[in-house]
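A.B. asks: model the structure of this input:
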Amino acid sequence: MKNTQQITSINEWVAKGAAAPFVVLILFSVLSQDITAIVINTLFVAFLFAFQQRLLLQAKALVIRSQFSFFGKTFCVIYERSIPLTSITELTFSQRQHKNDLAITYKNGNGEIKILSFSCLHQAQQTMELLSASGLKYSVHRPTQNTKGLQANDTKETVTDIFPLGALGKEIKPTHTIARFAMPLPQDKVLTPWVTAGIFALVTIGLTASSGNWVAACVFIALTYLSY
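C.D. replies: Residues are numbered from 1 along each chain as shown. You can find the predicted model right below:
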């Protein structure tokens, strides 16, 4: 079983958006005829644009893969999680206006229940087509749009709008707000803060190398710490 459909994660879009400051630095470097800065910033742009994080259906498994790829050729796979379809017990697709989340509940080799999540921008139809191609049943959850009577400190989304049933290991009621719960960062989400902090670190290095502005570099170092 193989489906050519690939779902692009939100992390990949963030990485491509982070390339924009380096493109600006390249333009400034060209105007100042700084060859070294041009080379360094071009490498950073290539690095960020080469990053891919995709969800795909392959060899009777749902695969989440992070890699560096140029023109369809993969140079380095930095993370790959393959979940056999036979081990998946529940699929929950939370569809919102822009950001969508897929929660995959499965049993690992030790029989333990694990939940892996994947987030994407839009691509709702493509994601549901991929899930249908897997042959597995899945549920689609859309948050309620009734926001009448919300107070200033209330949130429009409740815990049940974001986390699938049982993901928190405790009873969830529709009236519970997100602020009621505190959770450690899931293992499949650990990569996100590291990527964010790494992007800010790259911006700091590029800014320092191209302009020698240590004040701005210190500001970005502080932003790197805060982003993590």
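A.B. asks: ok, which stretches of this structure are helices?
C.D. replies: If you assign secondary structure with DSSP state H, the helices in the chain sit at 10-32, 35-50, 124-134, 159-162, 191-211, 214-227.
A.B. asks: return the helix or strand in this structure with minimum mean pLDDT.
C.D. replies: Of all the helices and strands that make up the chain, helix 159-162 has the lowest average by mean pLDDT, DSSP states H and E, namely a mean of 51.
A.B. asks: does Leu85 really touch Gln58, like I thought?
C.D. replies: No. With contact defined as CB atoms under 8 Å, Leu85 does not count as touching Gln58 (10.6 Å). For every residue, glycine as well, the C-beta is placed using N, CA and C.
A.B. asks: before we move on, back to that, so which of the helices of the chain comes closest to Phe75?
C.D. replies: helix 35-50 (7.2 Å; CB to CB).
A.B. asks: wait, Gln5 touches Leu57, no?
C.D. replies: Yes. The pair Gln5 / Leu57 is scored as a contact, 7.1 Å apart, by CB under 8 Å.
A.B. asks: list residues touching both of the two?
C.D. replies: Counting by CB atoms under 8 Å, 6 or more residues apart in numbering, the common neighbours of Gln5 and Leu57 are 130, 133.
A.B. asks: with neighbour numbers in mind, choose between these two.
C.D. replies: More crowded of Gln5 and Leu57, by other CB atoms under 10 Å: Leu57, with 22 against 16.
A.B. asks: quick check: that one vs Leu131, distance?
C.D. replies: Plainly put, Leu57 is 9 Å away from Leu131 if you go by CB to CB, to the nearest Å.
A.B. asks: please name the nearest non-neighbouring residue to Phe44.
C.D. replies: Distances taken as CB to CB, 6 or more residues apart in numbering put Phe22 closest to Phe44, at 4.6 Å, once the chain neighbours are dropped.
A.B. asks: what's near enough to touch that neighbour?
C.D. replies: For Phe22, the set of contacting residues under the criterion of CB under 8 Å, 6+ apart consists of 41, 44-45, 48, 202-203, 206.
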